[in-house]
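A.B. asks: quick one: sequence and predicted model below, then my questions.
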Amino acid sequence: MMQDRVRRAMSPTDDEIAAMPLSANARIARELLGEACGSVLDIGCGEGKFTRALTAFVGQVAGVDVKANKIAMAQEACKREGVSVDFRVASGEDLPYADGAFDAVVFSNSLHHMPAPAKALREALRVLKPGGLLYVMEPVPAGNYFEATKFVNDETIVRTEAYVDLCKIEGAEPVREILYRAERLFDAFEEWRSDQIDRDPRREAKFDAGADEVRKTFESSAVRRDGKLVFNQVFRVNLLRKH
């Protein structure tokens, strides 16, 4: 049963992907977390784009990341946009909050980046109120965006390990698991290359090693629309409720 569940969640077929709804990460979060969520923590928030989107329907929003430069960028973005988020530099495995501090805790494309996903999940449950919601959004290693980019950033193993840890979590019950597609648009290959190197400078060596092949694979996998390179990236959201 576990193997089949992991297969469907991590390696959907082309037909399964085609049947998935086209949506957006912030829209799915709003649908699943609802308007009644008074406080939420985003673990591994990075520059805080998704975190800031949560302020549209959540009263109190907080975000943590281990990288101080990312938190500084998130704080500056909040000032520009006129939104309020309590950003802090902290590890997902050691959160600076009291037990039961939040109505919801979010991992947005971050659980597989945690050095110890199981420990980070336990910390998330600790700071959740009884009955609170754990929201885990992860990219799925399938579909044309993954195929176009996996030479540079193939995280199949760590994403699978994080999902297995999530499936084994104690202290929370599954509410819903959904898979959907979200569009990724790029003006050109160079835009994607720059973004990937900004995320992790070590990827520049992979671009140099692959050179023409990386570009060819990326561009041939895209759908061209209005001068843009368009991809469908597959995401999975798991929603759980703390006992």
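C.D. replies: Yep, it's here.
A.B. asks: dump the residue contacts of the closest residue to residue 156 other than its chain neighbours.
C.D. replies: Spatial nearest neighbour of residue 156, chain neighbours left out: residue 141 (4.3 Å); criterion: Cβ to Cβ, 6 or more residues apart in numbering. Placement of C-beta: from N, CA and C, glycine included. Residues in contact with residue 141, defined by Cβ atoms under 8 Å, 6 or more residues apart in numbering, are 10-11, 150, 154-156, 159-160.
A.B. asks: contacts for stretch 70-87 next, please.
C.D. replies: 45-49, 51-52, 55, 60-65, 88-89.
A.B. asks: which of these fall in helices?
C.D. replies: Members of the contacts of stretch 70-87 lying in helices (criterion: DSSP state H): 49, 51-52.
A.B. asks: switch the residues you listed over to TSV; also include distance to residue 76, pLDDT and neighbour count.
C.D. replies: Compiled in TSV, the ones in helices among the contacts of stretch 70-87 are given as follows (distance: Cβ to Cβ, whole Å; pLDDT from 0 to 100; neighbours: other Cβ atoms under 10 Å):
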residue	distance to residue 76	pLDDT	neighbour count
49	12	95	14
51	13	98	28
52	11	97	23
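A.B. asks: show me where this structure has strands.
C.D. replies: 39-43, 60-65, 86-89, 102-108, 128-139, 172-186, 223-225, 228-242 (DSSP state E).
A.B. asks: bridged to residue 182, which residues?
C.D. replies: Under the criterion DSSP bridges, residue 182 forms beta bridges with residue 233.
A.B. asks: for the lengthiest helix in the chain, what does the pLDDT average out to?
C.D. replies: For the chain, the longest helix by residue count, based on DSSP H, is helix 68-81. For helix 68-81, mean pLDDT rounds to 96.
A.B. asks: distance from it to the middle of the chain?
C.D. replies: Chain-centre distance of helix 68-81: 18 Å, with Cα atoms, centre = their mean, to the nearest Å.
A.B. asks: also compute the angle for it relative to strand 39-43, please.
C.D. replies: On the basis of axes from the mean of the first three to the mean of the last three Cα atoms, to 10 degrees, helix 68-81 is oriented at 140 degrees to strand 39-43.
A.B. asks: export helix 68-81 as PDB, just CAs?
C.D. replies: Provided in PDB are the C-alpha atoms of helix 68-81 (Å, rounded to 0.1, in the frame of the first residue of the first chain):
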ATOM      1  CA  ALA A  68      19.600  35.600   7.100                       C
ATOM      2  CA  ASN A  69      19.900  37.200   3.600                       C
ATOM      3  CA  LYS A  70      16.600  35.600   2.500                       C
ATOM      4  CA  ILE A  71      14.800  36.900   5.600                       C
ATOM      5  CA  ALA A  72      16.200  40.400   4.900                       C
ATOM      6  CA  MET A  73      14.900  40.200   1.400                       C
ATOM      7  CA  ALA A  74      11.500  39.100   2.700                       C
ATOM      8  CA  GLN A  75      11.300  42.000   5.100                       C
ATOM      9  CA  GLU A  76      12.200  44.500   2.400                       C
ATOM     10  CA  ALA A  77       9.500  43.000   0.200                       C
ATOM     11  CA  CYS A  78       6.900  43.400   3.000                       C
ATOM     12  CA  LYS A  79       7.900  47.100   3.300                       C
ATOM     13  CA  ARG A  80       7.400  47.700  -0.400                       C
ATOM     14  CA  GLU A  81       4.100  45.900  -0.500                       C
END
